[in-house]
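*Asks:* Fold the following.
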Amino acid sequence: MNQAKVGIFFIVQGHLLIDAASPDQGELYGDAINFSGHFDYWDALNPKSAIEQLFKNHAYDHFPRGRVVYFNKASRFKLYADRCITKVEIEKISATFQLPAYRLARDEHYQCATCNPDYLD
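*Replies:* This next block holds a predicted model:
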C-alpha cells in the first residue's frame, strides 16, 4: 500500500481540505478501514486561512465531501464522493491520498447543500 491514505475530504471553492492517515493507523469499521469523521474534523478545526474560515462559517455538510476507505479482504480502495465533485477534483483527491487504484462510489450520505434538495443551512 506504500503511502496510500484513508480518510475524509471536503472541496471548498476548489480547495481540498483533508484529514487522512495510512490504513494501518485507521479504524476497522466492518470490512473497511476508515479514518476520521466529517463533523469531528469541522468541529475541531481552528481556521488558519480564508478558505478554512469560509468552511467553518457553514455547517459541516454544506460543502461537497467524501471519504477514502480501504477494504482488506478485497485489497481495494474505495473513494466515496459527492456527485458534484468533478473528474479533475477526483483525480486531485486520488493523487493527494496517493491511491494506487480505487473504485469511485457515490453515496447518498455525501450530499452537499447544492446536491441535497432537503438541505437546510
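*Asks:* Okay, the spatially closest residue to residue 14 that is not a sequence neighbour and residue 66: tell me how far apart.
*Replies:* In space, residue 14 comes closest to residue 89 once its chain neighbours are excluded; the distance is 7.7 Å by Cβ to Cβ, 6 or more residues apart in numbering. Any C-beta I mention is one placed from the backbone N, CA and C, and that applies to glycine too. Distance, residue 89 to residue 66, by Cβ to Cβ, to the nearest Å: 10 Å.
*Asks:* now residue 74
*Replies:* Applying Cβ to Cβ to residue 74 and residue 66 gives a distance of 19 Å.
*Asks:* the more surrounded of those two?
*Replies:* residue 66 (23 against 11; other Cβ atoms under 10 Å).
*Asks:* I'd assumed the more buried one was in a strand, is it?
*Replies:* Yes: counting by DSSP: H, G, I helix; E, B strand; the rest coil, residue 66 is located in a strand.
*Asks:* what's the burial count for the nearest residue to it once chain neighbours are set aside?
*Replies:* Once flanking residues are discounted, residue 66 sits nearest to residue 81: 3.7 Å by Cβ to Cβ, 6+ apart. Residue 81 has 22 neighbours, counted by other Cβ under 10 Å.
*Asks:* so who does residue 3 touch?
*Replies:* Counting by Cβ atoms under 8 Å, 6 or more residues apart in numbering, residue 3 makes contact with 22, 98.
*Asks:* Please, which helix or strand holds it?
*Replies:* In the assignment (DSSP states H and E), residue 3 maps to no helix and no strand.
*Asks:* where does it land on pLDDT?
*Replies:* Note on residue 3: pLDDT of 91.
*Asks:* Kindly report the same for the one 5 residues further on.
*Replies:* The confidence metric pLDDT takes the value 98 at residue 8.
*Asks:* before we move on, back to that, the residue nearest to residue 14 should be in a helix, yeah?
*Replies:* Yes: with three-state DSSP as the criterion, residue 89 is located in a helix.
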